[in-house]
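Asker: Predicted coordinates and the sequence they were generated for:
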Amino acid sequence: MSHAVTACVRTSLFAAALVFAQGAIAAAVPYAIDPNHTQIQYTYTHMGFSHISGRLSGVEGDFLFDAQDPTRSQIQIHVPVSSISVGVPALDEELHSEMFFDVAKYPLATFKSTTVTRTDKDHLAVSGELTIHGVTKPATFEVTINKIGTHPMRGVPAVGVDATTTIKRSDFGVSKFVPGVSDEVVIHATMEAYAPKAK
């Protein structure tokens, strides 16, 4: 095969690969996160006697979702830390203060995905960068795909997922009362998102 023919074949293969790659990227479309049906809960142990839960709300961000191949999806979210609550006003004030999360200085917690892998039909491992209290660490969420389908109220494609990870709060500079109040914190998120209406 001549050099000219070889070069032509390589160019054609590269062009085909580029078109395929562009098609793969185009398959992931923007979905809007529904803040009314999205929340984050966390659980920690208090001196070994109880397991206390709190929550955060007001989740916002950018979500590219591919219903045919969720591993092509991407997500970047931010959550106002001022929304953190355990339902006890005095404790909520402490959590907002410099003693713990210092929300005046670090108002947002964020997560940005870097890789998405499928662990089985309805489960994914979503790895990325988690930022809390101004500190960024790698984190992986175990994700369950609850449902992919048409939203019955909006009439558009929608997806619902649950996601769980465990972190050490001391890794993020929030270490007050460790180990009496557990260092490990379990984070659980549930989220609904939907595609825009076709024009």
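Answerer: Thanks, I have the structure now. If you're wondering where the values come from, they're calculated on a predicted model, not measured in any experiment.

Asker: which residues of the chain fall in helices?
Answerer: Under the criterion DSSP state H, helices of the chain are mapped to 3-27, 89-96.

Asker: of all those helices, which has the lowest average per-residue confidence?
Answerer: Mean pLDDT per stretch puts helix 3-27 lowest among these, at a mean of 42.

Asker: Relative to the strand ranked longest in the chain, what are the paired strands and their orientations?
Answerer: Secondary structure assigned by DSSP state E gives strand 135-150 as the longest strand of the chain. Here strand 135-150 is paired, per DSSP bridges, with strand 123-132 (antiparallel), strand 157-168 (antiparallel).

Asker: I'd say Val174 and Met99 touch.
Answerer: No: look at Val174 against Met99 with Cβ atoms under 8 Å: they stay out of range, at 9.2 Å. (Glycine included, C-beta is placed from N, CA and C.)

Asker: Report the beta-bridge partners for Thr164.
Answerer: Counting by DSSP bridges, the residues bridging with Thr164 are Glu142, His188.

Asker: Identify the residues contacting Thr43.
Answerer: Residues near Thr43 by Cβ atoms under 8 Å, 6 or more residues apart in numbering: 51-53, 185-186, 188.

Asker: Pretty sure Val186 sits against Ile40.
Answerer: No: at 11.2 Å, Val186 does not count as touching Ile40 under the criterion of Cβ under 8 Å.

Asker: Of those two, which one has the most company?
Answerer: For Val186 versus Ile40, neighbours defined as other Cβ atoms under 10 Å are more numerous around Ile40 (22 against 16).
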